[in-house]
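> sequence and predicted structure below; questions after.
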Amino acid sequence: MSFTKSKLATCIAIASMMPAASVVASQSDVLSPYSASAQQTENATLYVYLSDKGSLTKATINNKSKFAQRLQQIEASQQQVINNIMALDGNIKTLPGSKLVGNFIRVQADSSYIEKIKQLDGVQAVVVAAAPISVPTNALRTATSPSTNSITPASAPAFSDDMTAGEGVKVAIIGSGVDYTHTGLGGDGSDESYATAMENAVNAFDGFPTDVVVEGMDLASDAGWGLDPNPIDQNVYFTRDYDGATHNTGHGTRLASVVHALAPAAKIAAYKTSNVSDPYGYGYSLSSETSSTFMLALEYALDPNQDGSFDDRADIIVVDALGGNAFYAEHDDGVSGAVIEAYAIEMASALGSLVVVNAGNGGEWYDNSFNMTWRGAAPSALTVGGMVADEEGNMMVTEKTPYGPVRGASTFSKPDMVSYAEDIEVAVVGGGDEMDTQSDTVMAAARMAAAAAVLKSKRPSLSMTEIKALLMNTANNKVMDLNNKQGELTLIGSGAENLEDALASSAVVWEKGSYQPNLSFGFSEGTGTQRYTKQVQLKNLSEETVTYDVALTSMGKDGDMALTWEHPANISVPAGQTVVFPVTMVVDYTKLANWPMKMGSDLTIENWQKIELSGQLQLMAEERPTLSVNWLAKPRAKTSITRHFDTYEEIYGTEFTQKFSETAGAYAQQFTNDSETETTFAVFPAMKHQPNINVGKEHTKGNMLNTVAGGIYDEAMCSSGKKMVVAGRFFEPNDVGMANHFDKAGAALVYWSTYQEQFVIDNELDKAVNGDPYAWDEATQMVMSGFIEVDENGQPHSYYIDFNKEYDWTDHYGRYTKSSLPTYVTGHGQNFVAQYCLDDLYHGENMASLEDFDQNQGWLFGTDRDALANLGEPIILFNPVKYGKTTTTEYFDWFTGEMVETQSKDGGLPLISRLVEEGEAKDYSPMVTLAAGETAELAMASECNFSFGFGGGGCQNDGMLIMSLENNWAMATPMGQGDYAFIPHPKDGQSHSINEDAEMGEVVAHVELDAETFFANGQYEAEWSPYTLALAKAIPGDPFSVANNGEITVNNPDAIDYDAGHMSYDLEVIGYQGNAYTAVSTVTININNVNDIAPAIIAEMPAVTMDAQQAAEIDASMYFSDAEGDALTFSATGLPEGISIDSKTGMITGTAAAGTYEVVVTADDMVNKTETSFTMTINAPVAEAAPEPKSDDGGSLGWLSLSLLALLGLRRRQH
């Protein structure tokens, strides 16, 4: 097969994490489950990582005394390790390492010392240095349909004509150095100046630093080793002969010139991490940037004079980044080099610098999700993709811009923003005053760094964390994708910079705690309704109180119907203050359809966009810029089933049991798909099950195997009529079907090799595996070798090594062949199923038929951080034809007088069948798709407990694996009883409800049963020894009874009166069968309050007398109460025209003509109604008469007011 994109995009382009020559040096294409192969070289640069973290930690960043003490400890421990290494060989050279953002030393030594160095005290890991392999662009580009991009790019605009823009800000450039003699960077542009700089390439001299490029360091010295103080960018173009690797000449100069053009008053610091040099006169050699030189550059950017003070740090650090498919997880004990770089960026950010990184050029490899650069995966970095715009300002992403988000990251999303990346004017290294144009996403990063510099210079009181947030809050998200549709959050982030709004904004907003200017709810899987809350922090930057209206928008996808949101309608923030408010996402998982991702080929960008629900939280205020915070959620409904233990039965002598053997029996039991959607279930016998992650790997973020399973099954699509299935489950979900860390076996998600039985026995692998088995004759020693890995489209598929071909070390991937059968892997999935036509695996004379596969094969599985079996353990023995290990024994037959050979089977064959009408044959299969609510039967045939139809002994197997292929539901269970009681038990913690007005004998619910095994004998109606449920403890009042079959009924209606305080009961229920008893379980019955009490009249409403045209104000609600607290609505009849009653408040208001009216007021609690009445008298106007002495009477209204006050006092006392 061709690996024009798969291997290149996901392995080669990020080969900086593994030895570049290891593939060439490898003697096999079989992946090792235990370690990555490394070429033995006499002069390798080794990174020796120490066990402790660098001196920069959360505890030391803001505590100078702790930092100094920690730095001393790191320096002492590094020196001790160096002394121990030198004791191995005095010829080993030491090179500068890292002690701030990381903790490693570098040495030049023969790679044969690796294992010895690993054993030294304080050493955590030893990694061979390797340079990224540069691959021609056309080798990575995918063939795509013509773009609908109709944009004619316009020139990227300047931010300002203000020559003071960027003043007081320092921007560090990490890359190939900077040509500080160029006129575009403040130099005089003369040939003499550049020549002088090059003559002093390893020296300090008067021409550096300059007014613009104020400091720097060459960490890839022209001397061929060590450091030098002159970071001049060389005008040397070089291609290495043996692998075509090139030097990105002038890269740093181009970045620096973009920053200087847009923020002319900002100062530049240059840190050179790659080089082409000829120090010894033997010809040029390439020194590419490594993790070591990159981290050293970060340390110099943070502390230029290395005095331990960070006051002179760069405000902004511009970083280029390679590769794609980045993975990031905090607190990873199994961290790889690329993730360590992201950790270092986090430390730099914590010190107050903003690291700006390009999102990468992954869009030219393939158009799929999770394709960020590894450095761009750092949460606090400002990760930038590319876009173009036309003269009218219509914006569209560039073809190189990749999709995010970041694998492993659930609390943040990438990229953060996009900016202009095409035809950007740049300075030409060594060109004096020559300018050119450059198109690349890293140009967008340089522009964004300049934007941050301008914003920081104009708003110097803001931290760089606030600068990043403000740029994102005010970004313009009207950026289209290549199909001219609104760009997804995972493609454009918050959008393009809007510096005008960022400069004018009155506030800045982010998620509290993470300081991320987005709300990433990440992937979730659940049932029912669940709530997820984020705390949003809003800081007022102005000198007056600001009130924002709060709104939430979405992209309008189908899954949005399952979401409801809770947030305040508006938020007021006093001047200079910060407020925090909650935003809650409520997910109704029952309203979600199945994800359109069941097979690897389904993992397309179109399907990812269907399930990635996103939008914006917007804060709006009049005459102020709107602040926006993106949100992203990927909810998925989880499968649920009900096992019907009362259908359990044992089967003998049927067509199904004959599938396994003549002496087999079977367990059979029904289960129901309780999911709201159609679900495909699969079941396979387990080869190996480990219930817990191995000790020492609990905090390792690789793909850790929980169960592996499989077997050989019928398959009409294969010429042999048979297929090999290899299935399994991880402890944690894998986002997209590839390795988290690529330093062990590349991008493979999981891989395995199987060895022929005689080879296993001859090498005693059945006793212990002490390293990679060496099969020198694949025809007689190997069965198969396979793996799951993403293809050229970023979609996971199953591959196998074609052993019919000889291995060619010049074409390492030449034997890798994609299976013709589908691979079942879902996004964010834990379950996987690989399938191969058996005939595709045939090779040599020993493995040329189904019968040849009928042997105890030795299986070894590997992932990026795991292996089954582990070193020192016996190899996994599994016969896929017999669905488990087989044992052959001999005994003397007294009847024939001969030795007889017999074979026993330790495994079992579990299969699923839909239910059929009586008389119809069941159709058993390892995979069955059930509709929502459909019931099926799972049966498991075995000899283990059914020898000759009688209860035989148990077998040594690892059970079976039942899984959903729609999501992450699975059950690893013994095939039979295992170590558990073979009866179900009442499910502890279950709850049910009943209304308080339930009558005697009314059914509340049936007690739910559970079991540690799939099968359990819970037959209530069994003729012999039926299963029975009963109350284990009496409850006062005997409100409920529990029948033998678990039916809970009302026994005493008077005892379930909610209004009398009986709100719930805990029943203690026990199950038993014969002399076998379960543990007591708690079953909670909640009593529902029923609206069975009518509203009460507190007091009769008094008569009201008032004059015509006098406004009535009568609070009728004061005369009613509801003992159950139900909300009341009010109505009235008999009111005169012009006077009405408010149905919610009960207020009677208005004016009316004279007359006497009989008014009836009704209070309604939606079930019961209560009425009261009063007389309303409205007097007609009277002729004016001579004034009379005033009276203290107050009239009828005065009396009414007094009566209302008295009633109010009465009502208050009642409350």
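Yep, it's here. These numbers come from a predicted model, not from an experiment. Residues are numbered from 1 along each chain as shown.
> quick one: end-to-end distance for stretch 1100-1117.
Taking CA to CA, to the nearest Å, stretch 1100-1117 runs 12 Å from one end to the other.
> what do you get for stretch 408-415?
Start and end residues of stretch 408-415 are separated by 15 Å (CA to CA).
> centre of the chain to that stretch, how far?
In terms of CA atoms, centre = their mean, to the nearest Å, the centre of stretch 408-415 is found 7 Å from the chain centre.
> who touches that stretch?
Here stretch 408-415 makes contact (CB atoms under 8 Å, 6 or more residues apart in numbering) with 327-329, 359, 372, 376-377, 379, 383-385, 401, 404-406, 489-493, 514, 516, 518, 520, 522-523, 630, 632, 701, 735, 740. The C-beta positions use only the backbone N, C-alpha and C, and glycine is treated the same way.
> looking at those residues, which are in strands?
Within the contacts of stretch 408-415, residues falling in strands by DSSP state E are T383, V384, G385, N518, S520, G522, F523, N630, L632.
> quick one: P279 and A223 touch, right?
Yes: with contact defined as CB atoms under 8 Å, P279 reaches A223; the gap is 5.4 Å.
> between these two, which contacts overlap?
Counting by CB under 8 Å, 6+ apart, nothing touches both P279 and A223.
> before we move on, back to that, which one of the ones in strands among the contacts of stretch 408-415 has the most neighbours?
Of all the ones in strands among the contacts of stretch 408-415, G385 has the most neighbours under the rule other CB atoms under 10 Å, reaching 36 neighbours.
> measure that one to G376 for me?
9 Å (CB to CB, to the nearest Å).
> what is in contact with the two at once?
By CB under 8 Å, 6+ apart, G385 and G376 have these common neighbours: N358, A359, P415.
> can you tell me which of those residues is closest to E778?
Nearest to E778, judged by CB to CB, of the shared contacts of G385 and G376 is A359 at 42.6 Å.
> correct me, but the closest one touches G385?
Yes: if you go by CB under 8 Å, A359 and G385 touch, sitting 4.1 Å apart.
> shared neighbours, these two?
Common contacts of A359 and G385 (CB under 8 Å, 6+ apart): T401, P402, P415, T441.
> which residues in the stretch 351-500 of the chain form strands?
Here the stretch 351-500 of the chain has its strands, by DSSP state E, counting those that start in this stretch, at 354-358, 382-389, 395-397, 417-420, 424-427, 435-438, 479-480.
> relative to N1086, which of those is closest?
strand 382-389 (49.0 Å).
> show me where pLDDT drops low in this structure?
Applying pLDDT under 70 to the chain flags residues 1-27, 35-43, 53-64, 96, 128-153, 945-954, 978-979, 1183-1215.
> what about the longest helix seen in it, distance to the chain center?
In the chain, with assignment by DSSP state H, the single longest helix is helix 64-88. The chain centroid and the centroid of helix 64-88 are separated by 37 Å, computed with CA atoms, centre = their mean.
> can you show me the CA trace of the helix or strand that it is followed by as PDB?
Going down the chain from helix 64-88, the next helix or strand is strand 93-98, by DSSP states H and E. This file holds the C-alpha atoms of strand 93-98, laid out as PDB (Å, rounded to 0.1, in the frame of the first residue of the first chain):
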ATOM      1  CA  LYS A  93      31.000  14.900  26.200                       C
ATOM      2  CA  THR A  94      28.500  16.900  28.200                       C
ATOM      3  CA  LEU A  95      26.400  19.600  26.500                       C
ATOM      4  CA  PRO A  96      24.100  22.300  27.900                       C
ATOM      5  CA  GLY A  97      20.800  21.100  29.200                       C
ATOM      6  CA  SER A  98      17.700  22.500  30.900                       C
END
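> need the ones in strands among the contacts of stretch 408-415 in CSV with distance to D602, can you?
Below are these laid out as CSV (distance: CB to CB, whole Å):
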residue, distance to D602
T383, 27
V384, 30
G385, 25
N518, 27
S520, 23
G522, 21
F523, 16
N630, 26
L632, 20
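> helices of the stretch 501-650 of the chain, residue ranges please.
Taking DSSP state H, counting those that start in this stretch as the criterion, the stretch 501-650 of the chain carries its helices at 605-611.
> and if you look at the stretch 1101-1215 of the chain?
With DSSP H, counting those that start in this stretch, the ranges of helices along the stretch 1101-1215 of the chain come out as 1195-1214.
> any idea how far the most centrally placed residue in the chain lies from E732?
By CA atoms, centre = their mean, the chain has its centre lying nearest to S410, at 4.1 Å. Look at S410 and E732: by CB to CB, they are 11 Å apart.
> do P264 as well
According to CB to CB, P264 and E732 sit 49 Å apart.
> please apply the same query to F895.
Counting by CB to CB - F895 and E732 are separated by 57 Å.
> and if you look at G226?
G226 sits 43 Å away from E732, going by CB to CB.
> who's more crowded, these two?
Higher neighbour count among G226 and E732: E732, with 16 against 13, using other CB under 10 Å.
> what element comes up after the helix or strand hosting that one heading to the C-terminus?
According to DSSP H and E, E732 maps onto strand 722-734. As assigned by DSSP H and E, the chain's next helix or strand after strand 722-734 is strand 750-755.
> give me the angle between that following strand and strand 722-734.
Put simply, strand 750-755 runs at 140 degrees to strand 722-734, going by axes from the mean of the first three to the mean of the last three CA atoms, to 10 degrees.
> sorry, back to before: which pair in the ones in strands among the contacts of stretch 408-415 has the greatest spatial separation?
Farthest-apart pair in the ones in strands among the contacts of stretch 408-415 is V384 and F523; separation 24.7 Å (CB to CB).
> tell me which of the ones in strands among the contacts of stretch 408-415 is nearest to Y824?
Nearest to Y824 among these is F523, at 18.3 Å by CB to CB.
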